[in-house]
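> any chance you can model this:
(one chain, ligands or ions: 1)
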Amino acid sequence: MCGIVGYVGKDTERVLIEKLKQLEYRGYDSAGIAVKAEQKINVFKAKGEIKNLEKTIVPLKDAQFGIGHTRWATHGKPDEINAHPHVSSDDKWVIVHNGIIENYLEIKDELTKKGMSFYSETDTETVAKLLEFHSRKVEDKMEIISETCDTIKGSYALAILNKETNGIYFAKNKSPLFIAKKGENVMIASDVICFYGFADEYYSVEDGEIGYTDANTLVFKNKFGEVVKNPIKCDFGNYNNANTYKHFMIKEIYETKNAIKNIIEYYSQEENRNKILLRKLDGIKRIKIVGCGTAYHAGLMGSKIFEEKLGIECTAYVASEFRYQDPKIGDDTLVILISQSGETADTLAAHEISKQKGAVTLALVNVEYSALAKSADISVPIKAGVEVAVASTKAYSSQLTVLYILAGLLREKFIGDKFNMADVEKLYNEFDYGNINNFKLLADVFQYNDKMFMIGRGADYCTAQEASLKIKETSYINSDTYYAGELKHGFLALIDEKTYVVVFATEKNVLSKTLCNAEEAKARGAKIILFTCFDLEPSLTENFYFVIKVKELGNALQAVLNIVPWQIIAYYTSVNKGYNPDKPRNLAKSVTVE
Ligand code: AGP
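Prediction:
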């Protein structure tokens, strides 16, 4: 969702724009920058893409520092007025903000009574006005910021300019914010990826901290005084903007095999396995897995793996439901929270509730410096490397792989069976990306279709859910998922000659049942695309429209091999339709608001 950058150094506008472009993948609908040059703060804003913003910028002499923002509208429509930066009435304070100020209406009301007026519908503007309000009685800028932070409630990462100061102030609570300093140049960002090509190490701003930076200074403070921090090494993995692929999505799909290699390397090391094996987990009687979207689908699959390997109750939940369901958890519960970004608002809220109720929490994250990774009792990295495309691909495969390893390690801990990496190594050795020409043929067909179904039983149902989500979000096709056994209980009525039904049939114990369901749909005119890992008698499949066969692994990691073709098919369907698969309409990479 929203993105923040700040920069101290020459060529400020160009650097800010370049960095905002690096944040585009998070999703936004307007953008803006504020640059101190020629003794004043110059603000430029535009609705829509960053190229619209670029057109508004006039050349500035002696630009020294500035802040920038990509906004994903929450409070107020996506237009130029609501775009950040926001400015106080006296023009002295200029701010960009990520997060949500929960008490902004109260503050607005209070300040209006005191004679202040507002020009936008945003929660952010109230912070700019509050800074102005507090500066009427206090001189020191850090104190003004501190008082402002004490007044606001909610989540915020703030980068702040003041007309009288030659640097950037910042503050943070619950929304990520990072700072890197290289010589006299400083960069502030809500995403470490901005430091790519700028610095090798950075500092993480923690909740409750405020600070100030310019060419010579970088200071962090909390309520106890100045904070001394150790820098953190940047790990950009295989992130590279100048890649040879047309889109991040296909690049990231083709990074899956390498991600599995990283996972094997990481979890083969005893010290990393011990982070789980040596934890005190006595008395755990049930496991709850929580996530959103793709992460939830990984959790669905994970719940099956855990129940099978551990023999204890394990249920997967959508985080937005879990948080309001008064979940039945206590100190006998292990809550596993899955999140690629580690910043998803509903998943973070689910974590908070789990902690309040005394559960042990384990975060399965890709972004290892994220809020979720930092706050959970146990943090388990999925080692997928930076994922930029909104449609999650290699992260899903890595989540499944690490869930499998985690289940094995918990089995060793609870039951005593020594875990070994053999199944995961087999996955790596057998892994291939399949017959790309076949996938492109299907994408050619799907591009003209606006309705389809994906069905399966057991683990295949989880794959169907995720495959369907990929088709929906990248290609805007109404793809629905059902348990294959539910066919006759309703949705058979929707099937006609124009309907494509993808039948996932890689679960041996229900294979014949699933094939029967495929025949039932076929008999009503559906075009059946059978997806299997078995060598089936030709007579069983000759009536089907298309058959995709993948390798048979013989364990739950089959799910990793099963999803990759659907990620590729979704990608090519999207490209055929002329869409940008990296940035689906209306969606953001990290859903940091409820
Ligand atoms: C996946 O393709 C989606 N973009 C989306 O469902 C995503 O998985 C979900 O928003 C959860 O994100 P997280 O893993 O960063 O928490």
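
> so in the chain, where's the weakest helix or strand by average pLDDT?
Each helix and strand of the chain was given a mean pLDDT (mean pLDDT, DSSP states H and E); the minimum falls on helix 538-541 at a mean of 86.

> can you name the residues in contact with that one?
Around helix 538-541, the neighbours that count as contacts under C-beta atoms under 8 Å, 6 or more residues apart in numbering are 515, 530, 547. From N, CA and C alone the C-beta is placed, and that goes for glycine too.

> nearest to the ligand, out of these: which one, please.
Sorting those by how near they are to the ligand, with C-beta to the nearest ligand atom, puts Leu530 at the top with 24.7 Å.

> now that closest one: phi and psi?
Dihedral angles phi and psi of Leu530 (degrees, to the nearest 10) take the values phi -90, psi 130.

> I'd like the next helix or strand past the helix or strand encompassing Glu18.
With elements taken from DSSP states H and E, the one containing Glu18 is helix 12-23. Scanning the chain past helix 12-23 towards its C-terminal end, the next helix or strand to appear is strand 30-37 (assignment: DSSP H and E).

> and the angle from that next one to helix 12-23?
150 degrees (axes from the mean of the first three to the mean of the last three C-alpha atoms, to 10 degrees).

> by contact count, what packs against strand 30-37?
Using 3 or more C-beta pairs under 8 Å, 6 or more residues apart in numbering; DSSP states H and E as the contact criterion, the secondary-structure elements in contact with strand 30-37 are helix 12-23, strand 40-47, helix 50-56, strand 65-71, strand 93-101.

> can you put the ones you listed in a markdown table and add mean neighbour count and distance to the ligand?
Formatted as a markdown table, the entries for these read as follows, by neighbours: other C-beta atoms under 10 Å; distance: least, C-beta to the nearest ligand atom, whole Å:
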| stretch | mean neighbour count | distance to the ligand |
| --- | --- | --- |
| helix 12-23 | 22 | 15 |
| strand 40-47 | 19 | 24 |
| helix 50-56 | 16 | 21 |
| strand 65-71 | 30 | 17 |
| strand 93-101 | 27 | 15 |
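
> re earlier: okay, the contacts of helix 538-541 in TSV with distance to the ligand next?
Rendered in TSV, the data for the contacts of helix 538-541 read as follows (distance: C-beta to the nearest ligand atom, whole Å):
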residue	distance to the ligand
Leu515	30
Leu530	25
Val547	26
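
> what parts of this structure come near the ligand?
292-295, 339-341, 344, 347, 390-392, 473, 590-591 (C-beta under 6 Å from any ligand atom).

> dihedrals phi and psi, Ile210?
Its backbone dihedrals place Ile210 at phi -130, psi 170, with angles given as degrees, to the nearest 10.

> pull the number of nearby residues for it.
Taking other C-beta atoms under 10 Å as the criterion, the count of residues near Ile210 is 25.

> same thing with the one 5 residues further on?
As a burial measure, Ala215 scores 16 neighbours (other C-beta under 10 Å).

> coming back round to it: closest one of the residues of the chain next to the ligand to the ligand?
For the residues of the chain next to the ligand, the closest approach to the ligand (C-beta to the nearest ligand atom) belongs to Gly293, at 1.7 Å.

> surely the closest one and Ser392 touch.
Yes - counting by C-beta atoms under 8 Å, Gly293 does reach Ser392; the two are 7.3 Å apart.

> find residues that contact each of these two.
Overlap between the contact sets of Gly293 and Ser392, as judged by C-beta under 8 Å, 6+ apart, is nil.

> neighbour count: the two, which is higher?
The residue with more neighbours, out of Gly293 and Ser392 and counting by other C-beta under 10 Å, is Ser392; that gives 28 against 21.

> and that one, what pLDDT?
Per-residue pLDDT puts Ser392 at 97.

> burial of the nearest residue to Glu520 once chain neighbours are set aside, as a residue count?
Once its chain neighbours are removed from consideration, Glu520 has its nearest residue in Leu487; the separation is 5.8 Å (C-beta to C-beta, 6 or more residues apart in numbering). Residues within reach of Leu487, counting by other C-beta under 10 Å, total 20.

> pLDDT averaged over the helix holding Glu18, what's the number?
Averaging pLDDT along helix 12-23 yields 94.

> and the angle for that helix with strand 40-47?
Using the same axes, to 10 degrees, the interaxial angle of helix 12-23 with respect to strand 40-47 works out to 30 degrees.

> what helices and strands are in contact with helix 12-23?
When contacts are defined as 3+ C-beta pairs under 8 Å, 6+ apart, helix 12-23 sits against strand 3-8, strand 30-37, helix 50-56, strand 65-71, strand 185-189.

> of those, give the one that comes closest to Gly99.
Closest approach to Gly99 among these (C-beta to C-beta): strand 3-8, 9.8 Å.

> quick one: strands adjacent to that closest one?
Strand 3-8 has the following sheet partners, assigned by DSSP bridges: strand 65-71 (antiparallel), strand 185-189 (antiparallel).

> buried sites along whatever helix or strand comes next after the last one?
Using DSSP H and E, the helix or strand that follows strand 185-189 in sequence is strand 201-204. Of the residues in strand 201-204, those with enough neighbours to count as buried (16 or more other C-beta atoms under 10 Å) are 202-204.

> render the CA-only coordinates of stretch 311-328 in PDB, please.
Extracted as PDB, the C-alpha positions of stretch 311-328 are listed here (Å, rounded to 0.1, in the frame of the first residue of the first chain):
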ATOM      1  CA  GLY A 311      -1.900 -36.100  15.000                       C
ATOM      2  CA  ILE A 312      -3.200 -33.000  16.800                       C
ATOM      3  CA  GLU A 313      -6.000 -30.700  15.900                       C
ATOM      4  CA  CYS A 314      -4.900 -28.000  13.400                       C
ATOM      5  CA  THR A 315      -7.200 -25.500  11.700                       C
ATOM      6  CA  ALA A 316      -6.500 -22.700   9.200                       C
ATOM      7  CA  TYR A 317      -8.300 -19.400   9.500                       C
ATOM      8  CA  VAL A 318      -8.500 -16.200   7.400                       C
ATOM      9  CA  ALA A 319      -7.000 -13.500   9.600                       C
ATOM     10  CA  SER A 320      -9.800 -11.000   9.100                       C
ATOM     11  CA  GLU A 321     -12.300 -13.600  10.400                       C
ATOM     12  CA  PHE A 322     -10.000 -15.000  13.200                       C
ATOM     13  CA  ARG A 323      -9.500 -11.600  14.800                       C
ATOM     14  CA  TYR A 324     -13.300 -11.000  15.300                       C
ATOM     15  CA  GLN A 325     -14.300 -14.600  16.200                       C
ATOM     16  CA  ASP A 326     -13.100 -14.700  19.800                       C
ATOM     17  CA  PRO A 327     -10.800 -17.600  18.800                       C
ATOM     18  CA  LYS A 328     -10.600 -20.400  21.300                       C
END
